[in-house]
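my questions concern the predicted model and sequence given below.
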Amino acid sequence: MQRAYEILEGTTNDRITKGFQIFIITLIAVNVLVVIIETEESVLDEYGYLFTPFEVFSIVVFTAEYAGRIIVCKLNPKYQNSKYARVRILFTPMMLVDLAAILPFFLPFVVTDVRFIRIIRLLRLFRLFKLARYSDPMQTLGEVFKSKAGDLAVAFFILFIVLIFASSLMYHAEHEAQPEVFSSIPASMWWGVITLTTIGYGDTYPVTVMGKIVAGGVAVLGIAVYAIPTGIMASAFTEELRKKRQKNAKHCPHCGEEI
């Protein structure tokens, strides 16, 4: 049991543990590649017979990994003294990702709606997020999001307020000139989103002088507003990398300075 925990959680650096991690990472990558290439009809017609056995093999591996993590979870120091350890671990973010990765295979046996099955099959792309267990950069990104969740929530709330304000101004400026395009404030929000994000598809644009003035101001404001979450993420990511570098750095036993 202890050995299984070490392999699944990667707490050791021996050859078997590293081999297991490389195997899982490769399997995840190939699964995502299969989801993408099977949308090509020519590939599906010629090699489609290979996809089903590979899917079954992948599900067996991923399901065994999922079940194994539940079985050995009590060896994790975080859950050793927990009476409901196996229930708690089921609702951790990574276990939910693991569940989403295997559900698309089993749900079609329960649900028969073809449209629903097609949507569910897209969930196989969630297998990509399983890489977060084995990728330091993805783990760092997750820690950054977790540490700055409050700041990002405030930034996006400000962005939402600006979007409503900009869409309302544009509606009143353009509604009479283009009633079919700017028919309401909710309809004008499409213009607000593509302008604030500086994408500007060109399918919705102002034709009046007042509308163009509003659009110019909103476009400039969009650059400033989107710089807020970008700055938060950049500084947090740099800080997290600095912490990890300090944690992994060797220090002099005498003066404590980094070697």
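All right, it came through fine.

roughly how far does Val56 sit from Phe23?
Distance of Val56 to Phe23, given as Cβ to Cβ, to the nearest Å: 17 Å. (Glycine included, C-beta is placed from N, CA and C.)

same thing with Ile59?
According to Cβ to Cβ, Ile59 stands 15 Å off from Phe23.

got the phi and psi for Cys135?
Let me fix one detail, which is that residue 135 is Ser and not Cys. The phi and psi values for Ser135, taken as degrees, to the nearest 10, are phi -120, psi 120.

how about it, what does it touch?
When the contact criterion is Cβ atoms under 8 Å, 6 or more residues apart in numbering, Ser135 has no partners at all.

could I get the full set of helices for the stretch 101-250 of the chain?
In the stretch 101-250 of the chain, helices defined by DSSP state H, counting those that start in this stretch lie at 114-122, 136-147, 149-174, 185-196, 209-248, listed in chain order.

turn the ones you listed into JSON lines, including mean pLDDT, distance to Tyr79 and mean neighbour count.
Output for the helices of the stretch 101-250 of the chain, formatted as JSON lines (pLDDT from 0 to 100; distance: least, Cβ to Cβ, whole Å; neighbours: other Cβ atoms under 10 Å):
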{"stretch": "helix 114-122", "mean pLDDT": "66", "distance to Tyr79": "31", "mean neighbour count": "11"}
{"stretch": "helix 136-147", "mean pLDDT": "81", "distance to Tyr79": "19", "mean neighbour count": "14"}
{"stretch": "helix 149-174", "mean pLDDT": "91", "distance to Tyr79": "24", "mean neighbour count": "16"}
{"stretch": "helix 185-196", "mean pLDDT": "92", "distance to Tyr79": "43", "mean neighbour count": "19"}
{"stretch": "helix 209-248", "mean pLDDT": "86", "distance to Tyr79": "24", "mean neighbour count": "14"}
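
in JSON lines: these, plus distance to Val97.
Formatted as JSON lines, those follow (distance: least, Cβ to Cβ, whole Å):
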{"stretch": "helix 114-122", "distance to Val97": "15"}
{"stretch": "helix 136-147", "distance to Val97": "11"}
{"stretch": "helix 149-174", "distance to Val97": "18"}
{"stretch": "helix 185-196", "distance to Val97": "28"}
{"stretch": "helix 209-248", "distance to Val97": "21"}
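
and Tyr84, which of those is closest to it?
Nearest to Tyr84, of all the helices of the stretch 101-250 of the chain, is helix 136-147, at 23.1 Å by Cβ to Cβ.

if you count contacts, what does that closest one end up packed against?
helix 209-248 (3 or more Cβ pairs under 8 Å, 6 or more residues apart in numbering; DSSP states H and E).
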